[in-house]
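Participant: predicted model and sequence below, questions to follow.
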Amino acid sequence: MSVISVKRVERDYPLGKTTVHALRGVDLEIPEGSFFSIIGPSGSGKTTLLNIIGCIDNPTAGTVSIDGEETTKLNDKQITDLRLHKLGFIFQNFNLIPVLNVWENVEFPLLLMKTHRKKEIKARVEKLIAAVGLEQHAHHKPAELSGGQRQRVAIARALVTNPKIILADEPTANLDSETSHSILKLMRDLNETEKTTFVFSTHDPDVLKYAKSIVQIKDGKLVHAEEEVI
């Protein structure tokens with residue numbers, strides 16, 4: 001069963017007197033539990049596609065369904081609930097809250113949900129901080145962490161609500177090669193243990209050995225797909 005279904009999706013942006021066709025009739029089915037890579041050069045449309053899947057942007061045409069819900073039919077509150085309960089995001093610039101420490105950054109999405117008791121929150125945050133190897137840094141602010149450590153915080157924060165899907169936009173773009181491989185291995189391990197669907201974009205061919213499935217995008221179109229590469 002596909003946890004993400006993209007059908008004939010187009011996304012156009014006006015640019016002066018012209019129109020930029022960022023996505024051109026994209027069809028994509030991603031099964032639950034996948035570790036899925038969207039690869040393509042800068043400007044190919046991969047971030048646009050990820051943003052539309054994550055309900056950050058809306059398609060000009062076509063439909064997107066997340067866990068059986070067609071997102072274009074949802075109102076603003078339903079979209080907010082979908083993003084909070086079923087989606088997690090990992091951004092290349094981390095997007096951590098600078099005034100909060102590691103523990104508080106990871107805890108924050110659970111507080112927004114308002115559905116967990118304090119004991120449950122504590123247990124979940126402890127588990128995820130341990131999973132990303134940051135027990136000794138739980139009370140450090142983002143500015144006191146390395147790039148790799150900040151990305152680990154972002155991964156823990158994305159996973160803390162136990163979402164069905166994690167969307168990661170160029171998650172290793174600001175990291176050195178060794179740290180990049182460490183982060184990707186961590187994501188792959190969490191995919192296997194938590195059974196979370198990971199969808200990440202990249203233009204770095206070195207990271208593809210971690211993906212289970214790959215699609216390539218160029219000029220807004222899917223041009224190649226390789227399933228179950230590992």
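Facilitator: Great, that's in hand. This one's a predicted model, so the numbers in the text were calculated from it and none came from an experiment.

Participant: got a list of what Ile166 touches?
Facilitator: Applying Cβ atoms under 8 Å, 6 or more residues apart in numbering to Ile166 gives the contacts 87-90, 158-159, 187, 196-199. Just so you know, the C-beta spots here come from the backbone N, C-alpha and C atoms, and that holds for glycine as well.

Participant: of the residues you listed, closest to Ser2?
Facilitator: Using Cβ to Cβ, Thr197 is the member of the contacts of Ile166 that lies nearest Ser2, at 9.9 Å.

Participant: quick one: the strands in this protein?
Facilitator: 2-15, 18-31, 35-39, 61-66, 69-70, 87-91, 165-169, 197-202, 213-218, 221-226 (DSSP state E).

Participant: now tabulate those in CSV and tack on distance to Glu107 and mean pLDDT.
Facilitator: As requested, those are exported to CSV (distance: least, Cβ to Cβ, whole Å; pLDDT from 0 to 100):
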stretch, distance to Glu107, mean pLDDT
strand 2-15, 26, 94
strand 18-31, 29, 94
strand 35-39, 26, 92
strand 61-66, 25, 96
strand 69-70, 27, 94
strand 87-91, 14, 89
strand 165-169, 18, 93
strand 197-202, 22, 91
strand 213-218, 32, 92
strand 221-226, 38, 75
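
Participant: put together CSV for those, with distance to Lys46 on each row.
Facilitator: Putting these into CSV (distance: least, Cβ to Cβ, whole Å) gives the following:
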stretch, distance to Lys46
strand 2-15, 12
strand 18-31, 10
strand 35-39, 5
strand 61-66, 15
strand 69-70, 22
strand 87-91, 14
strand 165-169, 8
strand 197-202, 4
strand 213-218, 5
strand 221-226, 10
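
Participant: any idea which of those gets closest to His140?
Facilitator: Using Cβ to Cβ, the nearest of the strands of the chain to His140 is strand 87-91, at 19.1 Å.

Participant: from the chain's centroid, how far away is the closest one?
Facilitator: 4 Å (Cα atoms, centre = their mean, to the nearest Å).

Participant: could you do stretch 166-175 as well?
Facilitator: The answer for stretch 166-175 is 8 Å, by Cα atoms, centre = their mean.

Participant: and if you look at stretch 121-137?
Facilitator: 20 Å.

Participant: who wins for proximity to Gly133 among the strands of the chain?
Facilitator: Closest of the strands of the chain to Gly133 is strand 87-91, at 16.1 Å (criterion: Cβ to Cβ).

Participant: the longest helix in this structure is where?
Facilitator: helix 177-194 (DSSP state H).

Participant: got the contact list for that helix?
Facilitator: 33, 35, 131-132, 146-148, 151-152, 155, 159, 162, 166, 168, 171-172, 175, 196-198, 200, 204, 206-207, 210.

Participant: distance of Val153 from His137?
Facilitator: 8 Å (Cβ to Cβ, to the nearest Å).

Participant: err, Val207, not the other one
Facilitator: For Val207, the distance to His137 equals 25 Å [Cβ to Cβ].

Participant: swap in Pro41?
Facilitator: 35 Å.

Participant: of these two, which one has the most company?
Facilitator: Taking other Cβ atoms under 10 Å, Pro41 and His137 do not tie; His137 has more neighbours (19 against 12).

Participant: hang on, the more buried one packs against Gly148?
Facilitator: No. In this structure, His137 is not within contact of Gly148 by Cβ atoms under 8 Å, at 11.4 Å.

Participant: and stretch 109-119, which residues are buried?
Facilitator: 109-110, 116 (16 or more other Cβ atoms under 10 Å).
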